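Q: Have a look at this fold, sequence not included:
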């Protein structure tokens, strides 16, 4: 076969197989939107609130930084449920949001970056809710791929904006049910107003599902005028691993990323002060917390607060110096862990703490369960509604699969897969000349000592490597989804920042004589 024919044929064959595999993996038989009912009672009203880049410990009641103020989220934890072991399977906006909407791993829904459109074959959980009479609303940041701001399938009420949107008004910055309209005020307040507008004009004889997705607290952090300076009097407590002397066995790519767009030596190619940056983040978060309070107050006024299931979550974590890094993407705890709170007095006892590992892939099955529907078999997640109710779930997951795929725009972070269980985290890198990582999270929760080359843990590494690839095989993840190049590259280094990492000693060897092999 001639090369000129073979290459296109190979490409088409690969794409065809890829598409067939994806369609088979993510759709109901025949594309049906009908689900079996659980028979557990009346469909429950649902409010799902999603914050952007809200890290797992940026909650007032955890006291990790003195300047974090979240009284309404604290109330949700106090009077409802707190899930301290909540994670995302891919710490990046679009992949995580696509997993929330579909209940699928990134390698299944194939939304692996922020720049490409969502495949048309994907079904979003609100589509199933519509089939059983729910009024559904999407208000806020969509950004599940670069799909613009047009109304998406599954929603009766739509208010969104392009990409990341703007904290302060821009001309015709909002899309309201297909029509572009001006943004009038601070984005968090405006989204809250639209959320209450939807609730106020709902049909009283039908259940509702409100998906409120805040722009806050996405960088660049801009607080509402009323919140500027709230954190000024407090001191930033640098994370222990911000000092490279406190980390042992870090991969070269992590050491080099310190001096990059996503590192503390050259953050966003600037001289940004990480402590002041975190304070701005906290000030910006305060209005998101106020929004939660306003929604809860409206539900109380309507007599719905006791019966409505409210879930609050972050779409991914965010680092403020951990391992010398900022932003997210990697598999370290501050990147992949998120806040997760639930409130519904009719279902959840005050002060409930769910210790099991839950993830973004579990959101869709959980909300379908609240609607009295059994999640479709193709979803990778499971409903944690029984856990919120204090019930025992004997077959709940023992570990969590994590994945991130290299982006040309941010080449400093490699493709990686990780497996995390209650004691260990194993991180496996693909396509780089470097070391993998293993951490004992019980003995070393800050991930300071990489145990990958410690012979005492050789069996653990071997076992978790096998489990990782078995999990990928079981979920049709044994391939690397690829996308076309989009945008520029943030690939510069600070001339006065940290020097390049040296190759570790275990990779330096004397040549053997008389050897001539490929």
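A: Yep, it's here. For clarity, every value in this text was computed on a predicted model and none was experimentally measured. Residues are numbered from 1 along each chain as shown.

Q: Poorly predicted segments of the stretch 101-250 of the chain, please.
A: Counting by pLDDT under 70, the stretch 101-250 of the chain shows no low-confidence range.

Q: Can you list the residue ranges for strands in it?
A: Counting by DSSP state E, counting those that start in this stretch, one finds strands in the stretch 101-250 of the chain at the ranges 135-140, 157-160, 174-176, 179-181, 208-213.

Q: Please dump those strands into CSV; it should also carry distance to residue 436 for every row.
A: Where C-beta positions appear, they are placed from N, C-alpha and C, glycine not excepted. Formatted as CSV, those follow (distance: least, Cβ to Cβ, whole Å):
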stretch, distance to residue 436
strand 135-140, 38
strand 157-160, 40
strand 174-176, 44
strand 179-181, 48
strand 208-213, 35
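
Q: between the ones you listed, which gets nearest to residue 458?
A: Nearest to residue 458 among the strands of the stretch 101-250 of the chain is strand 208-213; the distance by Cβ to Cβ comes to 44.2 Å.

Q: now the angle from the closest one to strand 135-140?
A: 10 degrees (axes from the mean of the first three to the mean of the last three Cα atoms, to 10 degrees).

Q: Parallel or antiparallel, list what pairs with strand 208-213.
A: strand 46-51 (parallel), strand 135-140 (parallel) (DSSP bridges).

Q: how about the ones you listed in a markdown table, adding distance to residue 293 and mean neighbour count?
A: Shown next, in a markdown table, are those (distance: least, Cβ to Cβ, whole Å; neighbours: other Cβ atoms under 10 Å):
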| stretch | distance to residue 293 | mean neighbour count |
| --- | --- | --- |
| strand 46-51 | 11 | 24 |
| strand 135-140 | 17 | 24 |
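
Q: Which among those strands is found nearest to residue 226?
A: Taking the strands paired with strand 208-213 one by one with Cβ to Cβ, strand 46-51 is closest: 18.6 Å.

Q: next helix or strand past the closest one?
A: Going down the chain from strand 46-51, the next helix or strand is helix 71-79, by DSSP states H and E.

Q: Pull out the buried residues from that following helix.
A: 72-77, 79 (16 or more other Cβ atoms under 10 Å).

Q: just those now: which is nearest residue 272?
A: Closest approach between those and residue 272, by Cβ to Cβ: residue 73, at 26.5 Å.

Q: Mind checking the pLDDT average for the lengthiest helix in the chain?
A: What stands out as the longest helix in the chain, according to DSSP state H, is helix 274-301. Averaging pLDDT along helix 274-301 gives 98.

Q: hmm, back to that, of all the strands of the stretch 101-250 of the chain, which one comes closest to residue 30?
A: That would be strand 135-140 among the strands of the stretch 101-250 of the chain, by Cβ to Cβ, at 22.6 Å.

Q: Out of the strands of the stretch 101-250 of the chain, which gets nearest to residue 485?
A: By Cβ to Cβ (comparing all of the strands of the stretch 101-250 of the chain), the closest turns out to be strand 157-160, at 26.4 Å.

Q: Give me the neighbour count for residue 421.
A: Counted with other Cβ atoms under 10 Å, residues neighbouring residue 421 total 15.

Q: Quick check, it in contact with residue 398.
A: Yes - with contact defined as Cβ atoms under 8 Å, residue 421 counts as touching residue 398 (5.8 Å).

Q: Residue 116: which of the buried residues of helix 71-79 is nearest?
A: Ranked by distance to residue 116 (Cβ to Cβ), these are led by residue 73 at 32.6 Å.

Q: Show the contacting residues for the closest one.
A: 59-60, 289, 292, 312, 339, 341 (Cβ atoms under 8 Å, 6 or more residues apart in numbering).

Q: Among these, pick out the one closest to residue 123, please.
A: Comparing those against residue 123 with Cβ to Cβ places residue 312 closest, at 24.3 Å.

Q: which one of the buried residues of helix 71-79 sits closest to residue 141?
A: Out of the buried residues of helix 71-79, the member with the shortest distance to residue 141 (by Cβ to Cβ) is residue 73, at 18.5 Å.
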